[in-house]
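# Sequence below, structure please.
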Amino acid sequence: MIVESLWKQIKRRDLPQFNRPRLDLVTNVVLKFLLPRVNRKIAYLHDLRRIGRPQALAPWQSSFAQDWHSMSKPDELRSMERELSCLKDTSRKAPARAERLADIEAERDRPRGTYHTDVKRWTCSCPSYLISRFLLCKHLVREANRLTKNAPCKNYRFFLGLRRNHYPPYYTIPGIHDITTNQEQDEEDQREVENTHPRRQ
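Numbering: from 1, shown residues only. Just a heads-up that it's a prediction; the model follows:
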């Protein structure tokens, strides 16, 4: 099956004008055209293609990086950016724009709450954490930036190394979560689940 599909590819791609090609021509085509293509494909699958260029972020990683950089900014700067974008937005009518600016001002004057933030387990009790697509909030992001000395804001490769998990911590962040700590945490979570839900016999 694989040999047939390979021969079909050679016939249609490399030798379309030859009905019965000679053996030396087929050998030449295989060595000059087919093998380089196969090598490029294997290199691509092993992430060895274009070694000089940085590896591109996955779509979820680039969205994650954008949210991370946004949440890393101070509250005053974020509020000012929202205010400027509202003022620049010409599609809104004047009453809607005034209402949005009033909301931004009210949010700026609102007293800040205190939330339980646990970076090791990557959890926070704030409302924005619960509605975030990536389980991010400014409290977790700023604490992670403080612990890693702003490595995520300076280093592009930080987002390539992120790994999502099904259980806390939901992200494995180098410098905060060690692999051994994650394994110990998984074992502890498993023991906790077994203790709360004993198996029926």
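
# switch to C-alpha atoms for all contacts and neighbour counts from now on
Noted.

# Pick out the residue nearest the middle of this protein.
residue 61 (1.9 Å; C-alpha atoms, centre = their mean).

# helices or strands next to the helix or strand hosting it in the packing?
In the assignment (DSSP states H and E), residue 61 maps to helix 59-72. Using 3 or more C-alpha pairs under 8 Å, 6 or more residues apart in numbering; DSSP states H and E as the contact test, the elements touching helix 59-72 are helix 138-147, helix 157-160.

# Pull the residues that contact that helix.
With contacts defined as C-alpha atoms under 8 Å, 6 or more residues apart in numbering, helix 59-72 is touched by 78, 134, 136-138, 141-142, 145, 153, 159-160.

# Quick check: ChimeraX command selecting the buried ones in those.
Restricted to buried positions by 16 or more other C-alpha atoms under 10 Å, the ChimeraX selection for the contacts of helix 59-72 reads:
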select :134,136,137,138,141,142,145,159
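
# Double-check that residue 96 belongs to a strand.
No - applying DSSP: H, G, I helix; E, B strand; the rest coil, one finds residue 96 to be helix, outside a strand.

# Please report how far it lies from residue 90.
11 Å (C-alpha to C-alpha, to the nearest Å).

# One more: residue 133?
29 Å.

# now swap in residue 22 and tell me
Counting by C-alpha to C-alpha, the gap from residue 22 to residue 90 is 69 Å.

# Same question for residue 105.
For residue 105, the distance to residue 90 - C-alpha to C-alpha - is 20 Å.

# Residue 122 now?
39 Å.

# More neighbours: which of the two?
residue 122 (21 against 10; other C-alpha atoms under 10 Å).

# ok, that one - contacts?
Residue 122 neighbours (C-alpha under 8 Å, 6+ apart): 140, 168-171.

# Tell me, how many residues neighbour residue 111?
Neighbours of residue 111 (other C-alpha under 10 Å): 8.

# next one: residue 31
So residue 31, with other C-alpha under 10 Å, has 12 neighbours.

# Same question for residue 133.
11.

# quick check: mean pLDDT across stretch 168-180?
Averaged across stretch 168-180, pLDDT comes to 74.
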